[in-house]
Every structure is written in structure tokens, then in C-alpha cells.
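Peer 1: Requesting a structural model of the entry that follows:
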Amino acid sequence: MSASSAAMHVTRKALASLLFPTTSVGAATLYLSHQQEQQKNQKDPITSTRTNIIATNAVSCEAATATKVPVSSPFKNKQDILQQKKAKVHIQKRMTSIGRFSLKTETASHPSVPTFFLALSNTKMKVKKTRGSGNNKSGSSEEEQAAAAAAAAAYQRDIILNPSKATLTPAEFEQTWFERKMPSKHPRFHQRVSSTKEGYFEAEKDLDESRPSLSSQHGPNSSGASASVVMTNHIQEKLHPMVYRQDLKQRIEELVSTAMDVKKSLWEVHISSGPLGRSGAISREACDEIYSRNGTDNGSSTGSQEKEKETILLFKCHHSLGDAVSLSASIGDLVDEANEIKEKIKAEIRRRRNQGKNKSALQKMLKLLQSIIMFLLGSLQALLRHGYLLLTTRTNPWHTVLGLTPAEGEVLALSLGRSVSWYDNIASVEEVKNVAKLLGGPKATVNDVFVSCVTAAVARQLEEHRKRILVQKSIQGGIGKEAENSDCGDKQSSFNVVIPSHLAGGIIPPGRGVGNLIGAFVARVPGEMGKSIRPSERLALVHDELYKVKRSPAAILSFGMAKLMASYFPERLAVRLFQSSSANAAVAVTNSRGPEEKVHINGRPVEALNGFLPLPPGLPVGVVVGSYNSKVSLSLNADKFAIPDADKFLGWVLDEYHLLVKEAALKKG
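Peer 2: Numbering: from 1, shown residues only. So this is what the prediction gives:
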């Protein structure tokens, strides 16, 4: 290559790196300029050997740089030359800070794996109204009712003749996944942790979103078809649970306590189908409503069991894929009502933006200045408050009562495993809001109500542990009254609770993919106060404490600290700091809002939706307060040494809520 050509090549290279520092276009520009310079200096392009640049492009949420790897490749003919001119781009994406943090801080006993399930029934198909049908009021309702009745009858006949069509098969799930453009809407679902570059994702191989229909690719199995090669790492068909709730609980307990091979995939879904109500994912009360709605009996006869089916979609993801809010939003793109959900989100975003539109420029500047001052003062206050909690909470309440060290707690968590449970349709969201306002004050929330109820249940569980230990010791040789407190620790009049908080207010704009935008704060709430405190008094104290901390930048500071640890701290130190950051909290309680109305997947109603909080190291109990179809649900994921009977624990939570309902009725009436 001549000196002038070399100079020109260097110039092009510099311009490309300036214009396209982190994109595949820049890599392609480098490749093509290099090819042009070599072609000018080669007399026989067919038989010569060239250097082909394969650009490994690191496209980063946090601005990564592109790298080049030279590979020697002989060109055999002109067609090969044309093909080799196309730059082969291997995309690597830098993880979010929270994604890297979740990988760095998970332990063998506490993997960072959010888990949730959707339970579908095969009830009568929903006939969607066409656009504009609502404007034609004359006669349109009769036509729609007739069409709905005909479609439902045909659907039920089809189910009887072909029972497998009543349920969602793995093949149909995959087809729906690609038809609704999930890989392009949320590319991270088809990425995995890079095996060559730490802190990066890389794309899965052999992903073709526009391939032929699945019917030509699958062989039959027990449910008609299986997942294709592309989705083998993600879709697993399982036998349907046989014992009501117990089989499904064991399956979930295994998922939440085992780590994922993130270099293979970031998520998986276990699909199973069987008679309606068999698994317990859909409660018996909900099943009775379905039978009543469809005009069938309660499922005791063989005919109804053949007709009424359920499908369980049990998802397990790694936290590096996304937080609970973004995962819920992504699943929203999979349902039939995806467009309606997007419009509601857009309307909410517009409402929030319009709140400050009528303000003048001076008012906006003053508001900004006030926000900066409040952030600085609030940050100082939040740091002082958290430091106080760290200094005054030297041990975890569970370890104190059970006489364990933190290391022994980790060993027990790993050996005994998890205890999970869930309850659906506890109450309507409106009812819980009314209870909150009546007893907690005008600014009390649904989350305040159930944080209060959960802390009451924690107090009862700690007291039960004390009684059990004292009985065991008395059987082994007896203990004196003076030793009771010293053996089981003093009663905890208060303890700390961790509240995860989404920094965007639980709203994911349409078009944004899955990610992590989660922080958390710690608050001190009433503990083992026995009968000296009424449920309404506990709720008022909980609300006051949570309200103070929620208004502070504590969640933002925790998010920033996690980013700092993910980027600069060694793994062992990051784990230790993460464990201590919870200030020896007894429980974590988070809120997860689902669609306000029932949604469908290919016409099948989603009857239940429940998620399970991944437990961070050193925090043995996690509760999710969920809402779906305007009804409140609860789910529990706990280390078994702390909560041996998860159903019993959630029963205590409901007991406390029912006492609040009674107090609210007395106050109102």
C-alpha cells in the first residue's frame, strides 16, 4: 500500500471512529474502506488472500467502544468476494448497572431470579369489537351477541373434539411470541451473558423472527407440538401438577432457590396443562365462578373435566434481564389487549407531563431550584437516617430469636430451601384503598395497609419460634424463667422493613425494552407489640414512617450506590455491603401492579397472575402485594428456617387485614 493510500486509510478510519464510535455502521465503514484500499493494490482478487475485519461491536447503554479482530480468509470466487464484503457484526451490549450488580451480589443460597406465573383457562372465546362498532348503536349489540354466541359454541365443540386445542401448547406460545414481535420489542429476551466479555450481553444464535409457521417445523408429542430449536433454551413442557397447590408450590420453591446458567439463557418458561383447578394456581373460588359463567357443573363430572382446562405459564428470569415492573410491561406486549394497555400508559404519561404545563418559565425555574435544594437536604437526611438504622440494628430478628449467626443462617437457607405461598382475590383494590384512607389517613396507600399486616404476621411468627424453642428446651432438661429472654432474645418492639421502589413510578413507556430501574429504602416499623396496639394504630404508625422515607431520595441513593458497587467494588466486598445495607431488616415488601382488567392470550383469559420476590442475601422473607383485574393478591417467598409454613404466615396477614376491615366498618358506620 502506497504512502498516500495509507494516509487516506488512516483519515477514513479516524473519521469513522469519530462519527460512529459505538455503532455497527462505524465498524462497517472501517471494513469497506479497508476493502477498497486493498482492491486497488491487488491484481488478482480471486486467488489472493486478504484480511477480513470482523467487528465485535459493543453497543452500550453506558457508551462502550468497538473493537476489531483480524481474521485471515481465502477468497475462492467473485461471489465469495461479494459475500465477504458484508461485515459480520457480533453485537455485545453492556448490561445495566443493576444487572451487573445482581450478578455480582447473588449467592448460592440467594440467587437473583424473579419468578412469576400466569394461569389461563379455556373459557368461551372473547369476540373483540371492531373499530367504530361502538358508534353504530342501532342493532350492533344484537349482531355482536349472535356472533359471540356462535363463536363460543363453535369453540366449545372444537374443544370437545380436540381437547389439546383447549390449552396453550409450547408451539402455540412460541408462535405467539414471534407473531407479536417480542424479540424486536424486547431484544434482551434473546440475549445471554457474554462468555468472553464480563459485564456484557451477547445475542443468541440462530434467531430468525420471520421463519415459516411452526406447524411445518414440529413433530407431535403429548400436547401436539414442541418448541423449536430457537426456543429450546427457553420453553420447557412439564407434567401438570396433580396435587392441589402442593406440586406447584414445590416446583416454584425449586425455581426460586436455584441459580440460572445465564451464559445459556436469561429466562425460561415452564408450560403445563390439565383439568381446571388441579394445580391450585387458580383458586377454587375462581374455578367456581368459571363453571358458573360457562354453565357447567363444579368439575366433578368427567364431561366438565374434559371441557374445562387450565394452562400454567411459570416464568423464571434472572434479575440482569430486568426488574419486576419492566418484566410485567413486557408480558403486557404478549397479551391480546397490548394496544389498549399501551394507550392507557401513554395517557398516564401525558397526565403526568401536563401537570406542570401551565406554569410559567419563572415558576418552572423556581420549582427546579426547590427540587435541587430538597434533593440535597433530603439526601443528607436519608443518609443520616440509614446510618442510624445500621448502628441501632446490630442483628437480624430471625437470627436473634433462633440463636443463629449470619453464616449459620446462610447455611440453613441453602440446606432447608424455600417456603412459598400465594393468595388471590383477597379484596378489591377499591376496598383496600378505602380501609387505608379511613384508618391510615388521606395519603395512606394499599402498600401501607399490607406492610402493616405483614409486620403483624412477622411478630406472630417470631413469637411462635420462641414458644417452640422453649418447649424443646423444657423437654431436653427444663429452663428457668430467667433464661427465657436470654435464650430467645428480647422481644423486638420494632424492626426494619425493606421497600423496593421503581424510580419511574411503576410506568414503562411503550417502546422501551426490559431493563432495571429499581431502588429501595429501609424503614423502621412496629414489631412485637402484642395486644398493646390495635391494628389501626399499627397501620397509622407504619404509614407515618413509610411516608417520610418515601418522600426522601433514599431509593435514588440506593440505586446510585448499587451502580457504584457494580462498577468498582470486588465481588466479596459488594456482597458484604449489600447484606449490611438492609440494616438487618426482617422482611421486604414490594408492590406489583398488573392490568386493571382481565387480559387474554389468544382468547384464553388470564385468570391469575402472581410473582415472587427474589431474596437478597441476608434477607429471609419477601412479600409481593400484587393487583390484577382490580383485585389484590399476596405472594410469599421465604427461607424455610424463618417461615416453615408459608400458608400459615399468609393466613396471619389476612387475619390482620380482616381486623382492619372491621375497624374501618365501625369507624364509617
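
Peer 1: so what's residue 490 up against?
Peer 2: Neighbouring residues of residue 490 by C-beta atoms under 8 Å, 6 or more residues apart in numbering: residue 400. For the C-beta atoms, the positions are set from N, CA and C on the backbone; glycine is no exception.

Peer 1: Which pLDDT value goes with it?
Peer 2: Looking at residue 490, its pLDDT is 75.

Peer 1: Kindly report the same for residue 174.
Peer 2: 93.

Peer 1: Count the neighbours of it for me.
Peer 2: For residue 174, the count of nearby residues is 23 (other C-beta atoms under 10 Å).

Peer 1: doesn't it fall inside a helix?
Peer 2: Yes - per DSSP: H, G, I helix; E, B strand; the rest coil, residue 174 lies within a helix segment.

Peer 1: Look at the residue nearest to it when sequence neighbours are not counted and report its pLDDT.
Peer 2: Closest residue to residue 174 apart from its sequence neighbours, by C-beta to C-beta, 6 or more residues apart in numbering: residue 231 at 5.0 Å. For residue 231, the pLDDT comes out at 84.

Peer 1: Counting neighbours, what do you get for residue 231?
Peer 2: Counted by other C-beta under 10 Å, the residues lying close to residue 231 total 23.

Peer 1: My read is that it contacts residue 176, right?
Peer 2: No - Residue 231 is beyond contact range of residue 176, at 11.5 Å (criterion: C-beta atoms under 8 Å).

Peer 1: Now do residue 354, the pLDDT please.
Peer 2: Note on residue 354: pLDDT of 77.

Peer 1: Report the separation between it and residue 373.
Peer 2: Residue 354 is 25 Å from residue 373, where distance means C-beta to C-beta, to the nearest Å.

Peer 1: swap in residue 492?
Peer 2: Using C-beta to C-beta, one gets 37 Å for the distance from residue 492 to residue 373.

Peer 1: who has more neighbours, the two?
Peer 2: For the pair residue 492 and residue 373, the greater number of neighbours falls to residue 492 (20 against 10), based on other C-beta under 10 Å.

Peer 1: I figured that one hits residue 530, correct?
Peer 2: No - checked against C-beta under 8 Å, the pair residue 492 and residue 530 is beyond contact range at 11.5 Å.

Peer 1: what do the two both touch?
Peer 2: Common neighbours of residue 492 and residue 530, using C-beta under 8 Å, 6+ apart, are residue 459.

Peer 1: Flag every buried residue along stretch 394-402.
Peer 2: 396, 397, 398, 399, 400, 401, 402 (16 or more other C-beta atoms under 10 Å).

Peer 1: OK, contacts around the last one?
Peer 2: Translated: residue 402. By C-beta under 8 Å, 6+ apart, the residues touching residue 402 are 465, 469, 641, 642.

Peer 1: Which of the buried residues of stretch 394-402 fall within helices?
Peer 2: Judged by DSSP state H, those include 397, 398, 399, 400, 401, 402 as members of helices.

Peer 1: Now do the closest residue in space to the second one that isn't next to it in sequence, the pLDDT please.
Peer 2: Which is residue 398. Nearest residue to residue 398 in three dimensions, chain neighbours excluded: residue 642, at 4.7 Å (C-beta to C-beta, 6+ apart). Model confidence at residue 642, given as pLDDT, is 97.

Peer 1: can you give me phi and psi for residue 642?
Peer 2: Phi and psi for residue 642, reported as degrees, to the nearest 10, are phi -90, psi -50.

Peer 1: Can you tell me the number of residues neighbouring it?
Peer 2: Counted with other C-beta under 10 Å, the neighbours of residue 642 add up to 28.

Peer 1: Wait, it touches residue 400, no?
Peer 2: No - look at residue 642 against residue 400 with C-beta under 8 Å: they stay out of range, at 11.8 Å.

Peer 1: quick one on the thing from earlier: and of the contacts of residue 402, the nearest to residue 605?
Peer 2: Nearest to residue 605 among the contacts of residue 402 is residue 642, at 35.7 Å by C-beta to C-beta.
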